[in-house]
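A.B. asks: Provide a 3D model corresponding to the input given below.
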Amino acid sequence: MRCVGNARYKSEMDRYERGPYKLVESHSELLPKEGIVLEAAAGLSPLGEFLMWRGLTVFALDISLLALVHAKQRLEKRGLDLACAVMDLVDRWLPTAFFSAIFNFYFLSRPLLERYHVALKPGGFMFCEILLWNEGEVPNKQHYLLPGGLEDKFGAWKIYFKNETWKRGRDFAVQPRKILQLIAQKP
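C.D. replies: Below is the predicted model:
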């Protein structure tokens, strides 16, 4: 059976050996000191290693079995145990008040953003970077966050960092894209 999402990793496996996202690295003082954290749409879990070295238990979810197997094997060689599961995050089932922090980078599911409210423990942190819709973009508008799209979801939370910026992806042939970066704490 062919797993959706595997093709991307088969063709670009070597390009995914990178460090954590700059947003997390530059705000690492906000990371919980202990607990279980969720890395949504983790892929090869470049962030997982960074978080585990800080004493956190990382639960990585992704639709690609290939990516998660590779991530688990790579981190086991470094003495780290990544908990992971293949899951289509459109399904969006997550346990209640379970995670100390949630990391959502470049994956947009509006219902899942709602579910994060339930899955995060009180006082827990949400770290995310999501592509923003930009006038003139040709791709499907559903794959982009519309302006103000996170404010209505996390407006009652304490915002530690919010920034709209342009970011170039791993493929430098592609034009920079507008993103929203957010770090918020659940009341």
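A.B. asks: Wasn't Arg111 part of a strand?
C.D. replies: Rather than Arg, residue 111 is Pro. No - the assignment for Pro111 (DSSP: H, G, I helix; E, B strand; the rest coil) gives helix, which keeps it out of a strand.
A.B. asks: Begin at 42 from now on, thanks
C.D. replies: Got it, first residue is 42 now, which makes that one Pro152.
A.B. asks: Which residue, other than its chain neighbours, is closest to it?
C.D. replies: Beyond its immediate neighbours in the sequence, the residue positioned closest to Pro152 (CB to CB, 6 or more residues apart in numbering) is Arg133, lying 5.2 Å away. Heads up, the C-betas are built off the backbone N, CA and C, glycines and all.
A.B. asks: Now the most centrally placed residue in the chain. Nearest residue, chain neighbours left out?
C.D. replies: The residue lying closest to the centre of the chain (CA atoms, centre = their mean) is Asn145, at 2.4 Å. Taking CB to CB, 6+ apart, and ignoring the residues beside it in sequence, Asn145 has Cys169 as its nearest neighbour in space, at 4.2 Å.
A.B. asks: need the helix or strand of this structure with the lowest average pLDDT.
C.D. replies: Across the helices and strands of the chain, mean confidence by mean pLDDT, DSSP states H and E is lowest for helix 47-53: a mean of 51.
A.B. asks: The residue nearest to Asn145 and Val110, how far apart?
C.D. replies: Cys169 is 25 Å from Val110, where distance means CB to CB, to the nearest Å.
A.B. asks: More neighbours: which of the two?
C.D. replies: A count of neighbours by other CB atoms under 10 Å puts Cys169 above the other of Cys169 and Val110, at 25 against 15.
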